[in-house]
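> build me a structure from this.
(2 chains, ligands or ions: 2)
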Amino acid sequence: MSDTKVRALDQGTAPERFARGWHCLGLAERFRDGKPHGIEAFGTKLVVWADTQGEIHVLDGYCRHMGGDLTQGEVKGDEVACPFHDWRWGGDGKCKQIPYARRVPLRARTQRYPVAIRNQQVLVWHDVEGSEPDMDILPPELPGIEEGLYTDWVWESEHIIGSNCRELIDNVVDMAHFYYVHFAFPTSFRNVFEGTQATQFMESKGRPDKTGGYGDAELFLKSEATYYGPSYMINWLDTDYKGFNTEVILFNNHIPTGQDSFLLQYGIIVKKPEGLDDKTANFIAKKYAQMFGEGFLQDVHIWKNKVPVQNPLLCEEDGPVYQLRRWYEQYYVDRADIVPEMVDRFEFEVDTTKANEFWQDEVAENLRKKAEEDAAGESSADEPAEKPQMMSGT
Amino acid sequence: MASFVPTSADTLEDQRLYTSARLVEVACLDCLAKVGVKKNSEHHTSIQWTAEARRHCPELSRRTGARDTFPACPRMIASIEAAVRDGQIPIGAEDGY
Ligand code: FES
Ligand SMILES: [Fe+2]
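Ligands and ions are numbered 1, 2, ... in the order given. The predicted structure is shown next:
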């Protein structure tokens, strides 16, 4: 054994299943328009519709008769009707009626996904073992949303092709990428994993050498981001921009569509600041959404070009990648195979002192160079504008 | 049933190094909880709880809200700091773990 041995990258193999747990399909309102909607998820397509009471139902999108695409059918009464031969499927997964037939075959039952509404969003339960939905581990219902204390939703989605969704999960512990990828400056960084929750606490400020857009060195951010289960993160963000405090909540969630792709969705609401009219508050929410949207794209660019790694090589300043993955593993094994280490409480405080010393110097050097260029008359007009300077959770 | 399957045996050894190597047992000075602690530096702390320790901690058990289970137990933190002052916990990383 020589100590010059080349480190191998273990890319491993992708999982054979999709995570067990609650997955968010989007804002409930969107599905209450009397039409069936198609959502790609878990390697198939789901059909989502609302019945006459406004209750939302989710089934596998392909008709068990001859494989018709239910998402292109119609909502008739409480059921979704297939465009091929008009078989009517109920929210309980049973075929309720075949208008041209004497009777409905007893076996006419399709895959149904149990639904829960949380924070005005539709969540479905997925488990390859076919378990009953676990209502105890639903994400919390946040106070104030129904009561109108927050702005209107800004909701965005982006289909990411070429990456497994674990890349997104890894960001929970990835302190240093906030500086390099998102131009933020994490000054404090901490993780706690326990049960079905994984949390990241971060305090950061904007990088003054990357000005433009919404944030800058005067932007301070306190962020607390928790995954409730494998795919639903609530990120509380308290921002302080030149003494102006804003309370932002980012709902960051995803649905795996294949082993190499996922639909990333994020919704943003902002606590209406006192003394501000709704229009201005909604404008602020839009600005934040735009900033986080750009932030996600920075991640996506990295993901698309990287390889998967099962054996990341860490330095002392890195976060607990292995422990996070150990936690995440609980969603990919049978319930009976969950071991205590996956769910036991684990806390990790990242030492950011060395990183901050180095980054302070680097930023100062960049500012010095920039000042020199400016003095030499080299215009910096071609600088990219609107780069997010704060990004959190991911 | 596997999820992300490593293709090399060395990866399993890495998993062991990063998650369980060098954990020093620290007992809470106020309750019966015992946790595994590692300090790669003055400011770094890694704390591994067990279900049993978690049950013993009155501070963490008291919390039930959506956001309040995350902060550390201040008594456990104080106990760890005391153990560090006593020289019971070696400070320093071994090649990143
Ligand atoms: S395939 Fe759906 S009704 Fe025939
Ligand atoms: Fe990121």
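
> going forward, measure contacts and count neighbours with C-alpha atoms only.
Noted.

> tell me the pLDDT at residue A:1?
With respect to pLDDT, residue A:1 has a value of 48.

> care to break chain A down by domain?
Domain assignment for chain A by automatic domain parsing gives A:21-137, A:154-375.

> let me have those in a markdown table, extended by mean neighbour count, distance to chain B and mean pLDDT.
Shown next, in a markdown table, are the domains of chain A (neighbours: other C-alpha atoms under 10 Å in any protein chain shown; distance: least, C-alpha to the nearest C-alpha, whole Å; pLDDT from 0 to 100):
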| stretch | mean neighbour count | distance to chain B | mean pLDDT |
| --- | --- | --- | --- |
| domain A:21-137 | 19 | 11 | 98 |
| domain A:154-375 | 19 | 4 | 91 |
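
> most distant residue from the centre of chain A?
residue A:102 (46.8 Å; C-alpha atoms, centre = their mean).

> returning to what we had before: tabulate the domains of chain A in a markdown table, adding columns for distance to ligand 2.
Below are the domains of chain A laid out as a markdown table (distance: least, C-alpha to the ion, whole Å):
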| stretch | distance to ligand 2 |
| --- | --- |
| domain A:21-137 | 20 |
| domain A:154-375 | 5 |
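
> did I read that right, the residue farthest from the centre of chain A in a strand?
No: looking at residue A:102 with DSSP: H, G, I helix; E, B strand; the rest coil, it is coil, so not inside a strand.

> now it: how far from ligand 1?
Applying C-alpha to the nearest ligand atom, to the nearest Å, the value for residue A:102 to ligand 1 is 15 Å.

> what do you get for residue A:32?
Residue A:32 is 22 Å from ligand 1, by C-alpha to the nearest ligand atom.

> what are the boundaries of the strands in chain B?
Taking DSSP state E, the strands of chain B run over residues B:24-27, B:34-38, B:45-48.

> strand partners (parallel or antiparallel) of the second one?
In its sheet, strand B:34-38 lies beside strand B:24-27 (antiparallel), strand B:45-48 (antiparallel), with partners assigned from DSSP bridges.

> would you mind finding the most buried of these?
strand B:45-48 (a mean of 22; mean count of other C-alpha atoms under 10 Å in any protein chain shown).

> how far off centre is that strand?
3 Å (C-alpha atoms, centre = their mean, to the nearest Å).

> ok, now stretch B:67-84?
With C-alpha atoms, centre = their mean, you get 10 Å for stretch B:67-84.

> dump it to PDB, restricted to CA.
Taking Å, rounded to 0.1, in the frame of the first residue of the first chain, the C-alpha atoms of stretch B:67-84 are listed here in PDB:
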ATOM      1  CA  ARG B  67     -39.600  23.400  14.400                       C
ATOM      2  CA  ASP B  68     -38.500  23.000  18.000                       C
ATOM      3  CA  THR B  69     -36.900  19.600  17.900                       C
ATOM      4  CA  PHE B  70     -33.900  20.800  16.000                       C
ATOM      5  CA  PRO B  71     -31.900  22.900  18.400                       C
ATOM      6  CA  ALA B  72     -29.300  20.900  20.500                       C
ATOM      7  CA  CYS B  73     -30.000  20.000  24.100                       C
ATOM      8  CA  PRO B  74     -28.100  22.800  26.000                       C
ATOM      9  CA  ARG B  75     -27.200  20.300  28.800                       C
ATOM     10  CA  MET B  76     -25.700  17.800  26.500                       C
ATOM     11  CA  ILE B  77     -23.700  20.600  24.800                       C
ATOM     12  CA  ALA B  78     -22.400  21.700  28.200                       C
ATOM     13  CA  SER B  79     -21.500  18.100  29.100                       C
ATOM     14  CA  ILE B  80     -19.600  17.800  25.800                       C
ATOM     15  CA  GLU B  81     -17.800  21.100  26.500                       C
ATOM     16  CA  ALA B  82     -16.900  19.800  29.900                       C
ATOM     17  CA  ALA B  83     -15.500  16.600  28.500                       C
ATOM     18  CA  VAL B  84     -13.400  18.600  26.000                       C
END
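
> before we move on, the earlier item: nearest to ligand 2, out of the strands of chain B?
strand B:45-48 (22.8 Å; C-alpha to the ion).

> what sits against residue B:95?
Contacts for residue B:95 (C-alpha atoms under 8 Å, 6 or more residues apart in numbering or on different chains) come out as A:315-316.

> let's see that with 7 Å instead.
Applying C-alpha atoms under 7 Å, 6 or more residues apart in numbering or on different chains, we find residue B:95 in contact with no residue.

> ok, now how distant is it from ligand 2?
Distance, residue B:95 to ligand 2, by C-alpha to the ion, to the nearest Å: 26 Å.

> contacts for stretch A:319-337?
Under C-alpha under 7 Å, 6+ apart, the answer for stretch A:319-337 is A:17-20, A:170, A:173-175, A:230, A:338, A:342-343, A:348, A:350, B:1-3, B:15, B:18-19.

> for the residue nearest to residue B:94 when sequence neighbours are not counted, phi and psi?
Sequence neighbours aside, residue B:40 is the residue nearest to residue B:94 in space, at 7.8 Å (criterion: C-alpha to C-alpha, 6 or more residues apart in numbering or on different chains). Recorded main-chain torsions at residue B:40 are phi -80, psi -20, according to degrees, to the nearest 10.

> neighbours of residue B:40, how many?
22 (other C-alpha atoms under 10 Å in any protein chain shown).

> any idea how far residue B:35 is from the residue farthest from the centre of chain A?
67 Å (C-alpha to C-alpha, to the nearest Å).

> and residue A:178, by the same measure?
30 Å.

> re earlier: columns mean pLDDT and distance to residue A:377 on top of the strands of chain B, output as JSON lines?
JSON lines is the format used below for the strands of chain B (pLDDT from 0 to 100; distance: least, C-alpha to C-alpha, whole Å):
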{"stretch": "strand B:24-27", "mean pLDDT": "98", "distance to residue A:377": "59"}
{"stretch": "strand B:34-38", "mean pLDDT": "98", "distance to residue A:377": "53"}
{"stretch": "strand B:45-48", "mean pLDDT": "98", "distance to residue A:377": "48"}
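
> ramachandran coordinates for the residue farthest from the centre of chain A?
Per degrees, to the nearest 10, the backbone of residue A:102 is at phi -70, psi -40.

> dump the residue contacts of it.
Applying C-alpha under 7 Å, 6+ apart, no residues qualify as near residue A:102.

> returning to what we had before: mind putting the strands of chain B into CSV with distance to residue A:270?
As requested, those are arranged in CSV below (distance: least, C-alpha to C-alpha, whole Å):
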stretch, distance to residue A:270
strand B:24-27, 42
strand B:34-38, 39
strand B:45-48, 34
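
> can you give me the helices in chain B?
Using DSSP state H, the helices of chain B run over B:9-20, B:51-56, B:58-62, B:74-85.

> got the end-to-end distance for stretch A:53-71?
20 Å.

> can you pull the residues of chain B lying near chain A?
When proximity is defined as C-alpha under 7 Å from any C-alpha of the partner chain, chain B approaches chain A at B:1-8, B:11, B:14-15, B:18-19, B:40, B:43-51, B:66, B:70, B:93, B:96-97.

> buried ones among these?
B:3-6, B:11, B:14-15, B:18-19, B:40, B:44-50, B:70, B:97 (16 or more other C-alpha atoms under 10 Å in any protein chain shown).
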